[in-house]
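Chemist: Model the following, please.
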Amino acid sequence: MSVERNPSGSEPSGGPSTTARRLITGLSLWWTAVPVVFAAQVFIGISGVRGSLGEGLVLVMLWACVGGVVLAPVIGFATARATGHTEARKRFATMGALSLGFCLLVVLFLRFAAECAPGDPSCS
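Modeler: Presented below is the predicted three-dimensional model:
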């Protein structure tokens, strides 16, 4: 006599758990929100909001952007790989490649910007 484990006849999903799906979605949204947060951070910094609250807000938003660009693809790829979520793994690999390209452009810009001293007439 055999015992039916799944009486409804449908196969179990075998995919990632709900917690893993929520983590993957949250990390994807964090990475996607980085340009908006960065623009808001720049606007707050330029608008003249000074004082400890304004400076603190700008710093928190800047670190949220750095974390979103650097940490979200790495943690998301590791989570997707551990849970077997192939579509999310592809998505986070693409996000990581785009983030790496952006970081390289920033480093390149900072490298060239450092060559000219402020007020140097030969650089203007």
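Chemist: Am I right that V69 is in contact with L104?
Modeler: No. In this structure, V69 is not within contact of L104 by Cβ atoms under 8 Å, at 11.8 Å. Quick note: C-beta positions are derived from backbone N, CA and C, even for glycine.
Chemist: Out of those two, name the residue with the larger neighbour count.
Modeler: Counted by other Cβ atoms under 10 Å, V69 and L104 do not tie: V69 has more neighbours, with 22 against 10.
Chemist: ok, for that one, nearest residue in space, not its chain neighbours?
Modeler: S99 (4.8 Å; Cβ to Cβ, 6 or more residues apart in numbering).
Chemist: which secondary structure elements does the helix or strand harbouring the one you found contact?
Modeler: Using DSSP states H and E, S99 maps to helix 86-113. Contacts defined by 3 or more Cβ pairs under 8 Å, 6 or more residues apart in numbering; DSSP states H and E place helix 86-113 against helix 18-46, helix 52-83.
Chemist: swap the cut-off to 6 Å and go again
Modeler: Counting contacts by 3 or more Cβ pairs under 6 Å, 6 or more residues apart in numbering; DSSP states H and E, helix 86-113 is packed against helix 52-83.
Chemist: which parts of the helix it packs on are buried?
Modeler: Buried positions in helix 52-83, judged by neighbour count with 16 or more other Cβ atoms under 10 Å: 57-58, 61, 64-65, 68-69, 72-73, 75-77, 79-80, 83.
Chemist: now, which of the residues you listed sits nearest G119?
Modeler: Lowest distance from G119 to the buried residues of helix 52-83 (Cβ to Cβ) belongs to V58, with 25.0 Å.
Chemist: Touching, that closest one and I46? I think so.
Modeler: No. Applying Cβ atoms under 6 Å, one finds V58 not in contact with I46, separated by 10.0 Å.
Chemist: Tell me how far the nearest residue to T79 once chain neighbours are set aside lies from F92.
Modeler: Of all residues not flanking T79 in the chain, L23 sits nearest, at 5.6 Å (Cβ to Cβ, 6+ apart). The gap separating L23 from F92 is 11 Å, by Cβ to Cβ, to the nearest Å.
Chemist: Alright, that wraps it up for me.
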